[in-house]
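Asks: The sequence and its predicted three-dimensional model are supplied below.
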Amino acid sequence: MPDSNKNLGKLVAVYGIAPAYLQRVVFIVVLSFVFFLAMMFTFYIRQNIVYFLLSSAFLAVYLVTLFSWVMQRRNVVTVHEKGVNYKKRPILWHEIDSLNGTGTILVRGEKPIVVPSFISRREQLFETILKKIDASNTTR
């Protein structure tokens, strides 16, 4: 189990969800809610069970999308002076073994961390991690 009390030092940068992904989520949420309201209104007027089932389906899409959006907002990578933190998992620079091309951070003695593709400025994050890893390897 990783030690959550590691002192990572001063916060340097925060990498959250990319704005393009947030725009897609907002578009799906708004559209599904509008269709939900339209189908409920149509059900009210026509009294046909098919419209109620359609409105229930749009409501389910709406709720699942909102839930996934709330859960994805936790996927934030923070870079500190002495390490990196992802999903409340602090890792010091000297603990990072390597970073492969698929966005996986290999940590000594622990499970690898897969940085999702929807993180904003992902390449800049990887460049920063590689520089810090190289710097920590040369000082050891």
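Replies: In hand now; what should we look at? All figures in this text were calculated on a predicted structure; none of them were measured in a lab.

Asks: contacts and neighbour counts: CA atoms only from here.
Replies: OK.

Asks: elements contacting the lengthiest helix in the chain?
Replies: When the chain is parsed with DSSP state H, its longest helix is helix 19-46. Here helix 19-46 touches helix 49-72, going by 3 or more CA pairs under 8 Å, 6 or more residues apart in numbering; DSSP states H and E.

Asks: Show me what the helix it packs on is packed against.
Replies: Going by 3+ CA pairs under 8 Å, 6+ apart, helix 49-72 lies up against helix 19-46.

Asks: Near the closest residue to residue 80 other than its chain neighbours, how many other residues are there?
Replies: In space, and not counting its chain neighbours, residue 80 is closest to residue 11: 4.4 Å by CA to CA, 6 or more residues apart in numbering. Residue 11: 13 surrounding residues under other CA atoms under 10 Å.

Asks: for residue 96, same thing?
Replies: 23.

Asks: cool, the one 4 residues further on as well?
Replies: Here the neighbour count serves as a burial measure; for residue 100 (other CA under 10 Å) it reads 11.

Asks: For the nearest residue to it once chain neighbours are set aside, give me the pLDDT.
Replies: Distances taken as CA to CA, 6+ apart put residue 106 closest to residue 100, at 7.8 Å, once the chain neighbours are dropped. Looking at residue 106, its pLDDT reads 84.

Asks: Look up how far residue 115 lies from residue 106.
Replies: Separation of residue 106 from residue 115 (CA to CA, to the nearest Å): 11 Å.

Asks: what does the lowest-mean-pLDDT helix or strand in the chain rub up against?
Replies: Least confident helix or strand of the chain, by mean pLDDT, DSSP states H and E, is helix 122-139 with a mean of 79. Under the contact criterion CA atoms under 8 Å, 6 or more residues apart in numbering, helix 122-139 has outside partners 15, 93, 94, 96, 97, 98, 99, 103.

Asks: how about the longest helix of the chain: buried residues?
Replies: 25, 28, 29, 32, 33, 34, 35, 36, 39, 40, 42, 43 (16 or more other CA atoms under 10 Å).

Asks: Nearest to residue 88 among those?
Replies: residue 25 (24.1 Å; CA to CA).
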